[in-house]
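> no sequence on this one, just coordinates:
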């Protein structure tokens, strides 16, 4: 399994720690590379240890993917070395922001894989294409055995941060409160209908009927996943990072899922992972007959 899960004690939620190994498993790298290339089926096949299908990378997809995985932009690195003092300061800020965006998008892809492993019967939205995309970071549904009713709807927030606690309290809890207040119902309806339509084989009328009959509040759950550094751990636990989860999303503990992916240093760890994924994107593209990017 490319991601290992360990359950942790928490009064706030069903909390787990993730581990992706050192060195990174080839299965994880393959799945990430295919996901970035927008080949979700191939990523799923990698996770299920099935044969992948050779698909040519259209247009500049591979080139764009590698740019998103590369941070900071070389121009900022050069400016930090040879620019004026003002230029260096600006370049440092821009470089740090680009690294944050790369890490956030990369962690969303990691979280997608973790969801496929931990909720194997779920149907989920693919990771965002752009780091600046708004809305939920992920959306997962589970149907009943007959595929004619929704059993649960999981709204996901994925964050990669050196200071996760302030990000959680400032941003994530605000998002969840907004969702529970009904302020995002139109967004939920759009994503929900799209996912149910996939399960319903594209039958839009059937999908709409399933969505109309769903009891959102009874089936709704929240999943908050965080990539951070080991130094954030307190008394052997990351429970404090998600303190207040129960307050913003009341209900039984099973409706709240929390996950932590710790690195010795989150920026270095995700940077190393990004570099390996870039190499794999090159290999997949060349094997499919695409140009070297």
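Nice, I can see it. Note that the structure is a prediction, hence the values are computed from the model and not measured.

> roughly how far apart are residue 92 and residue 104?
Counting by Cβ to Cβ, to the nearest Å, the separation of residue 92 from residue 104 is 19 Å. Glycine gets a C-beta too; all of them are placed from N, C-alpha and C.

> more crowded one of these two?
residue 104 (19 against 15; other Cβ atoms under 10 Å).

> Help me confirm that that one comes into contact with residue 167.
No: using Cβ atoms under 8 Å, residue 104 is not in contact with residue 167; the gap is 10.3 Å.

> Can you pull the residues that touch both of the two?
Contact criterion Cβ atoms under 8 Å, 6 or more residues apart in numbering; residues shared by residue 104 and residue 167: residue 159.

> Do a quick rundown of the strands in the stretch 151-293 of the chain.
220-229, 256-263 (DSSP state E, counting those that start in this stretch).

> Can you lay out the ones you listed as JSON lines showing distance to residue 248 and mean pLDDT?
Shown next, in JSON lines, are the strands of the stretch 151-293 of the chain (distance: least, Cβ to Cβ, whole Å; pLDDT from 0 to 100):
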{"stretch": "strand 220-229", "distance to residue 248": "9", "mean pLDDT": "97"}
{"stretch": "strand 256-263", "distance to residue 248": "9", "mean pLDDT": "98"}
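
> out of these, which comes closest to residue 189?
strand 220-229 (12.7 Å; Cβ to Cβ).

> How about residue 107, nearest residue that isn't a chain neighbour?
Nearest-residue entry for residue 107: residue 160, 4.1 Å, with adjacent residues in sequence omitted and distances by Cβ to Cβ, 6 or more residues apart in numbering.

> Report the contact partners of that neighbour.
100, 103-104, 106-107, 226-228, 266, 270.

> ok, so what distance separates residue 201 from residue 168?
Residue 201 is 38 Å from residue 168, by Cβ to Cβ.

> okay, the two: which has more neighbours?
Using other Cβ under 10 Å as the criterion, residue 201 and residue 168 rank with residue 168 on top: 23 against 9.

> ok, that one to residue 241 distance?
6 Å.

> Now do the shared contacts for the two.
Common neighbours of residue 168 and residue 241 (Cβ under 8 Å, 6+ apart) are residue 226.
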